[in-house]
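Participant: Make a model of this:
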Amino acid sequence: MEIRGAERDDLAAVLALAADVIGPERAAPFVRSHVERHHLLVAADAGGVVGCLAYRTDWFQCTFVALVSVAEGARRRGIARALYRRVEDVSPSPRLYSSTEETNAASIQMHAALGFSPSGYIDNLPQGYRELLFYKRLRS
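Facilitator: All right, here's what the predicted structure looks like:
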């Protein structure tokens, strides 16, 4: 498996992965904005793109993971972990934030396994669920 920046040939697969998380109507503008800033990573294997991670580096002067998606048939194989490790490597900030819905037990467990600590939550979002924030200190 290779973790790298998204390329033009990856976009159809990335759009499908993003649509699974944020819906098809939001996926195209979301992916386009992250491609333009070069803040979109993909996990690729011989069969194509199996995961993606979009991030931003202007979130309160910190790096924030805005989206992670792994193809259903490729889950629980360390792909999300590898994507997070790469964003840790490229982050210009020593502070990494991420979030997930309070109902996503697998994601909450993954954040804990990756060394993230709870950092708060956001209520009153359109999806109706509380969004849990997680924090990880990358370097001193």
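
Participant: Name the residues of the biggest strand by length in the chain that are buried.
Facilitator: Longest strand of the chain, by residue count under DSSP state E: strand 48-59. Buried residues in strand 48-59, counting neighbours by 16 or more other Cβ atoms under 10 Å, are found at V49, V50, G51, C52, L53, A54, Y55. For every residue, glycine as well, the C-beta is placed using N, CA and C.

Participant: what two of these have the greatest distance between them?
Facilitator: The span of the buried residues of strand 48-59, defined through Cβ to Cβ, is set by V50 and Y55 at 18.1 Å.

Participant: R77 belongs to a helix?
Facilitator: No: counting by DSSP: H, G, I helix; E, B strand; the rest coil, R77 falls outside a helix, being coil.

Participant: Backbone torsions only: list them for it.
Facilitator: The phi/psi pair for R77 (degrees, to the nearest 10) reads phi -120, psi 10.

Participant: just the strands in the chain please.
Facilitator: All strands of the chain, identified by DSSP E, fall at 2-5, 40-45, 48-59, 62-70, 95-101, 117-122, 131-137.

Participant: Now tabulate those strands in a markdown table and tack on mean pLDDT and distance to A19.
Facilitator: Converted to a markdown table, the strands of the chain look like this (pLDDT from 0 to 100; distance: least, Cβ to Cβ, whole Å):
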| stretch | mean pLDDT | distance to A19 |
| --- | --- | --- |
| strand 2-5 | 94 | 20 |
| strand 40-45 | 95 | 14 |
| strand 48-59 | 95 | 11 |
| strand 62-70 | 96 | 9 |
| strand 95-101 | 96 | 17 |
| strand 117-122 | 96 | 23 |
| strand 131-137 | 97 | 19 |
